[in-house]
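Q: Pasted the sequence and its predicted model underneath.
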Amino acid sequence: MLRDLVMFIAKSIVDNPDKVEVNEVEGERAVVFELRVAPEDMGKVIGKKGRVIHAIRALVQAAAAKEGKRATVEILE
Amino acid sequence: MKSVEKSGRTVEEAVESALSELGVSREDVLIEVLEEPSRGFLGILGGRDAKVRVTVKKEKVELAKEFVLGLIKKMGLEASIEVRSQGDARILDIIGRDLGLLIGRRGETLKHLELLTNVVCSKGAGEAKRVLVDVSGYRRRREKELEEIARSTARRVERSGKSIMLEPMDARDRRIIHMALQKNNRVVTHSEGEEPFRRVVISLRRGQGSEPRKEKTEY
C-alpha cells in the first residue's frame, strides 16, 4: 500500500508516468522505496534544493507512521 | 480531455478557429501542430493547409483536487474536499476525521502536501494563482495561535526591555508574526539567521536620540 502511494505521487509529478518504477527494499530499520523515473524527469522529482523529494519522503513517512512503520524514499539513477 | 483538430491556411488561422469552436482562450489550451502549411508550386498547385490539434487543459483546481483525493485514499484515509476562494488563491480544505497525520508537527506535513499539490497542478489552466491546502481549518487556527504568540511575547519584551528570539519558522509564519506586531509602536520585529532556521526577533523600539533602528521589515 505504501508502495502504491509512492507510485501515485511520482506518477502525478512526472511528464512520463509510464517510466516510473518503485522497488520496495526491506531494510533493517525501515522500508526503503527505490524510485526510478525517466532521466528528463529527475529534476522534477528532486525539485529546487531537493524540496520535492523532501516532501515526498515526509508524506510517505507520515503514512508509514500510521501503520507503525518507518519508511523512506531514495531516487536511483 | 476535450480537444479538436482544425485546418487553416496558416497555423495561426487553424488555432483561431479551434479556439472559437472550443470557446476558450489561448492560455487554457495545449497546441500541437500536426501539419505545417506549404504553399505548393507557384502558390497554386499542391498547396497544403496547416493542421493543428488544440486540447483544453484541465483547471488547476481540478488537478489539485484529483491529486489530493487520490493521495488521501492511498494513505488509507477518508475525507472530502471543500474549495474556497481567497483573493486570487484557492483553498482546498480537506474535511474528515483523524487527519492529524496530514498536518504533522506544527503543520510541517501539510506544507509538504501543499508543495506537491502545486507541483502537480502547475500544469493546469485557470485563474487561480496559488492553490493552498488546509485540513479542517487548521491553517486559520495556526494563524490565530501565531498572532497570540506574537502579542504575548511582545508584552514580555515590553516588561523586561530585553529582545526575545522566537523559534525557527518558515517565511509564511514569520510574516504572520511581523504583521501582528506591525502596529505595535512599543516593539519592532526583524528576522535573523539562515533558512530553514530563520527566526523572528522581537525587541523594544528605541526612543529618539539613540541609534536608529532598521525600520524595514525583512521576512
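A: Sure, I can see it.

Q: Can you confirm whether whichever helix in chain B runs longest lies near chain A?
A: Longest helix in chain B, counting residues (DSSP state H): helix B:138-160. No: Helix B:138-160 stays clear of chain A (CB under 8 Å from any CB of the partner chain), getting no nearer than 14.4 Å. Any C-beta I mention is one placed from the backbone N, CA and C, and that applies to glycine too.

Q: which stretches of chain A form helices?
A: With helices called from DSSP H, chain A shows them at A:2-13, A:42-46, A:51-66.

Q: And for chain B?
A: Ranges of helices in chain B, per DSSP H, are B:11-22, B:60-74, B:100-103, B:108-121, B:138-160, B:171-181.

Q: deepest of the ones you listed, which one?
A: Of all the helices of chain B, helix B:108-121 has the most neighbours on average by mean count of other CB atoms under 10 Å in any protein chain shown, namely a mean of 21.

Q: That helix and chain A, any residue contact?
A: Yes: against chain A, helix B:108-121 shows contacts by CB under 8 Å from any CB at B:108, B:109, B:112, B:113, B:115, B:116, B:119, B:120.

Q: pLDDT score assigned to the fifth one?
A: By that I understand residue B:115. Confidence at residue B:115, expressed as pLDDT, is 95.

Q: List the contacts of it.
A: By CB atoms under 8 Å, 6 or more residues apart in numbering or on different chains, residue B:115 lies in contact with A:47, A:51, A:52, A:55.

Q: And the last one, how close does it get to residue A:13?
A: Yep, that's residue A:55 we're talking about. 10 Å (CB to CB, to the nearest Å).

Q: Most neighbours out of the contacts of residue B:115, which is it?
A: Greatest neighbour count in the contacts of residue B:115, by other CB atoms under 10 Å in any protein chain shown, goes to residue A:55: 23 neighbours.

Q: and the nearest residue to that one once chain neighbours are set aside, what does it touch?
A: Distances taken as CB to CB, 6 or more residues apart in numbering or on different chains place residue B:112 nearest to residue A:55, at 3.7 Å, with adjacent residues excluded. By CB under 8 Å, 6+ apart, the contact list for residue B:112 reads A:54, A:55, A:58, A:59, B:104.

Q: just checking, residue B:200 touches residue B:178?
A: Yes: if you go by CB atoms under 8 Å, residue B:200 and residue B:178 touch, sitting 6.9 Å apart.

Q: which residues do those two both contact?
A: Between them, residue B:200 and residue B:178 share the contacting residues B:189, B:191, judged by CB under 8 Å, 6+ apart.

Q: near chain A, which residues of chain B?
A: Looking at chain A, the residues of chain B close enough under CB under 8 Å from any CB are B:67, B:70-71, B:74-76, B:101-102, B:104, B:108-109, B:112-113, B:115-116, B:119-120.

Q: Now chain A against chain B: closest residue?
A: With CB to the nearest CB, the shortest gap between chain A and chain B falls at residue A:55, namely 3.7 Å.

Q: Name the nearest residue to the residue nearest the centre of chain B, ignoring sequence neighbours.
A: Geometric centre of chain B, nearest residue: residue B:130, 3.1 Å, by CA atoms, centre = their mean. Of all residues not flanking residue B:130 in the chain, residue B:89 sits nearest, at 4.3 Å (CB to CB, 6+ apart).

Q: can you check residue A:21 too?
A: Excluding its sequence neighbours, the residue lying closest to residue A:21 (CB to CB, 6+ apart) is residue A:36, at 4.2 Å.

Q: remind me which residues of chain B are low pLDDT?
A: Residue ranges of chain B with pLDDT under 70: B:1, B:40-46, B:126-128, B:207-219.
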